[in-house]
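Novice: My questions concern the predicted model and sequence given below.
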Amino acid sequence: MLKPLEIVNKMILNDAFSKWLGIEIIEVKKGYCKLQMKISQEMTNGFELAHGGICYSLADSALAFASNSNGKKALSIETSISHTKKVNINDTLIAETNEINLNNKTGIYSIDILNQEDEKVAFFKGTVYISNKKWI
């Protein structure tokens, strides 16, 4: 079976969207992922703030990587996000996962999104379905 970082590296090879966002992998271990990205002008809305979908997308990638790092292929079945602080151009965001619950069929994860000042700008909750297909 592949190691957690090997799984995530294999996933990101075909993940055009995460690459387009400029997501960087900081740390990966079983059931855990820490990602980073910088907010560019192209990621902003009409208020010149980061579009809400940007934080959502960063957290969704963190969910995918963390849940798959356990060795079985996992797919999200329910997600939600709460935004707590505005995100500006040139902010650097860090998404860090916490595996809340894991069983044979589902996993529940929370992802905190922090800015470069270590302020929480959003929190995300995701539930995944865990298949029987192993990463090889």
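Specialist: Sure, I can see it.
Novice: doesn't Asn90 make contact with Gln41?
Specialist: No. Here Gln41 does not reach Asn90: they are 9.0 Å apart, not a contact under C-beta atoms under 8 Å. Heads up, the C-betas are built off the backbone N, CA and C, glycines and all.
Novice: For Gly52, which non-adjacent residue is closest in space?
Specialist: In space, Gly52 comes closest to His83 once its chain neighbours are excluded; the distance is 6.0 Å by C-beta to C-beta, 6 or more residues apart in numbering.
Novice: Just the pLDDT for the closest residue to Val87 other than its chain neighbours.
Specialist: Spatial nearest neighbour of Val87, excluding adjacent residues (C-beta to C-beta, 6+ apart): Ala50 at 3.7 Å. pLDDT for Ala50: 97.
Novice: Any idea what Ala50 is bridged to?
Specialist: For Ala50, the beta-bridge partners are Thr44 (DSSP bridges).
Novice: and it, how many neighbours?
Specialist: 24 (other C-beta atoms under 10 Å).
Novice: now do the same end-to-end measure for stretch 44-58.
Specialist: Using C-alpha to C-alpha, to the nearest Å, the end-to-end distance of stretch 44-58 comes out at 14 Å.
Novice: Which of the helices or strands spans the residue most central in space within the chain?
Specialist: The chain has Ala62 as the residue nearest its centroid, 1.8 Å off, counting by C-alpha atoms, centre = their mean. Ala62 belongs to helix 52-68 when elements are defined using DSSP states H and E.
Novice: list the buried ones in that helix?
Specialist: By 16 or more other C-beta atoms under 10 Å, the buried positions in helix 52-68 come out as 54-68.
Novice: now do stretch 116-136
Specialist: For stretch 116-136, burial by neighbour count (16+ other C-beta under 10 Å) applies to Val121, Ala122, Phe123, Phe124, Lys125, Gly126, Thr127, Val128, Ile130, Trp135.
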